[in-house]
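Sequence below, structure please.
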Amino acid sequence: MGVVMYSDTDAAALYDRLNPWDPASWPADRFYHELVMAVGSVLDVGCGTGAMLAHAREQGHRGRLVGLDPDRAALDRARRRADIEWVEGPAADARWTACFDLAVMTGHAFQFLASDDDLRASLAAIRGSLRAGGRFAFETRHPQAQAWLDWCPSNRSDVTDEAGRARRVWNEVESVSADVPASTGTVVTFTGTTASRDGTVLWVDRTSLRFLDPGPLAVFLTEAAFEIEAQYGDWDRGPITTSSREIVTVARA
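Residues are numbered from 1 along each chain as shown. Reported below is the predicted structural model:
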């Protein structure tokens, strides 16, 4: 039997198949697209394969668009679009000074900031990158909804990759901790598995995500010199309620 090869490049390409950027179909994508198209300069923190900024350019955005991400394979895919700036690095390494009207973190990327130190350093860097009055928009899953309860092998996704090969993807929770040092929060660690349709495992990725309630989240933003302009519980800009699954935040520098 031959060895099945799977790479970072394969994983980045499959991500685009699983998460196509389409403001016409997805309310979350539309929310961010409207914000991006309304300003002259945008920093996409955790840009991944760059689909959001590429779509904005295709739709006529003529200003400065910059994508920042630590995943080299994802950025290699993004760099197929040469009229956008792509920078490798984590959020805390953002080194621009008062350059952008808007910073965004889409796709729950904010939740990858799992420690207090990383969260504070990242917010400070993002704040420094914004012009006075600039806005930072992002979303995080509301912990009350316990989204991780759905991250199990039975909730798998079947998808065909760019080469026409059938793939199967699922998540599985390893641990749920409510003991985040120095703040209130929950950290969920899980694995994401990619397999061929016959069950042959090709790729396993281990991730930890942080879930914060609105109160502690507001404290971190205030410490970083952000003022919360608006918070929503859904993508139609409804209020946060006891049944909200999202905390969608727009903060002003």
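
residue ranges of the strands in the stretch 1-150 of the chain, please?
Counting by DSSP state E, counting those that start in this stretch, the stretch 1-150 of the chain has these strands, from start to end: 41-45, 64-69, 85-88, 100-105, 130-141.

Direction included, what does the longest one pair against?
Read that as strand 130-141. strand 100-105 (parallel), strand 246-252 (antiparallel) (DSSP bridges).

any idea how far the last one is from the chain center?
Spelled out, that is strand 246-252. Distance of strand 246-252 from the chain centroid (Cα atoms, centre = their mean, to the nearest Å) equals 13 Å.

can you check the first one too?
Relative to its parent chain, strand 100-105 has a centroid offset of 13 Å by Cα atoms, centre = their mean.

Poorly predicted segments of the stretch 1-150 of the chain, please.
The stretch 1-150 of the chain contains residues with pLDDT under 70 at 1-4.

Now do the contacts for Gly128.
94, 96-98 (Cβ atoms under 8 Å, 6 or more residues apart in numbering). For every residue, glycine as well, the C-beta is placed using N, CA and C.

TSV please, covering the strands paired with strand 130-141 and showing mean neighbour count.
Output for the strands paired with strand 130-141, formatted as TSV (neighbours: other Cβ atoms under 10 Å):
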stretch	mean neighbour count
strand 100-105	25
strand 246-252	22
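
Asp205: which of those strands is closest?
strand 100-105 (19.2 Å; Cβ to Cβ).

quick one, phi psi at Ser244?
phi -70, psi 140 (degrees, to the nearest 10).

wait, doesn't it sit right on Trp235?
No: Ser244 sits out of contact with Trp235 when judged by Cβ atoms under 8 Å, with a separation of 11.0 Å.

Pull out the buried residues from the contacts of Gly128.
Among these, the ones that count as buried by 16 or more other Cβ atoms under 10 Å are 94, 96.

quick one: secondary structure of Glu162?
Assigned state for Glu162: coil (three-state reduction, DSSP: H, G, I helix; E, B strand; the rest coil).

do you know which of the strands of the stretch 1-150 of the chain lies nearest Ala28?
Once the strands of the stretch 1-150 of the chain are compared by Cβ to Cβ, strand 130-141 is nearest, at 7.1 Å.

Which residue ranges of the stretch 151-253 of the chain form helices?
214-223 (DSSP state H, counting those that start in this stretch).

which stretches of it form strands?
Shown for the stretch 151-253 of the chain, the strands assigned by DSSP E, counting those that start in this stretch span residues 157-160, 166-177, 186-196, 201-211, 227-232, 246-252.

other SSEs contacting the shortest one?
Judged by 3 or more Cβ pairs under 8 Å, 6 or more residues apart in numbering; DSSP states H and E, strand 157-160 is in contact with helix 8-18, strand 166-177.

sorry, back to before: quick one: which of Ser244 and Trp235 has more around it?
The neighbour comparison of Ser244 against Trp235 (other Cβ atoms under 10 Å) goes to Ser244, with 19 against 16.

Generate CSV for the strands of the stretch 151-253 of the chain, with distance to Ser122 and mean pLDDT as supplementary columns.
As requested, these are arranged in CSV below (distance: least, Cβ to Cβ, whole Å; pLDDT from 0 to 100):
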stretch, distance to Ser122, mean pLDDT
strand 157-160, 29, 94
strand 166-177, 20, 95
strand 186-196, 16, 95
strand 201-211, 12, 95
strand 227-232, 17, 98
strand 246-252, 13, 98
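
would you turn the ones you listed into CSV with distance to Val87?
Formatted as CSV, these follow (distance: least, Cβ to Cβ, whole Å):
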stretch, distance to Val87
strand 157-160, 29
strand 166-177, 28
strand 186-196, 25
strand 201-211, 22
strand 227-232, 26
strand 246-252, 22
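
Between those strands, which one is closest to Met105.
Comparing those by Cβ to Cβ, strand 246-252 comes nearest, at 9.7 Å.

quick one: contacts of that closest one?
31, 35, 133-142, 212, 214, 217, 221, 226-235, 237, 240.
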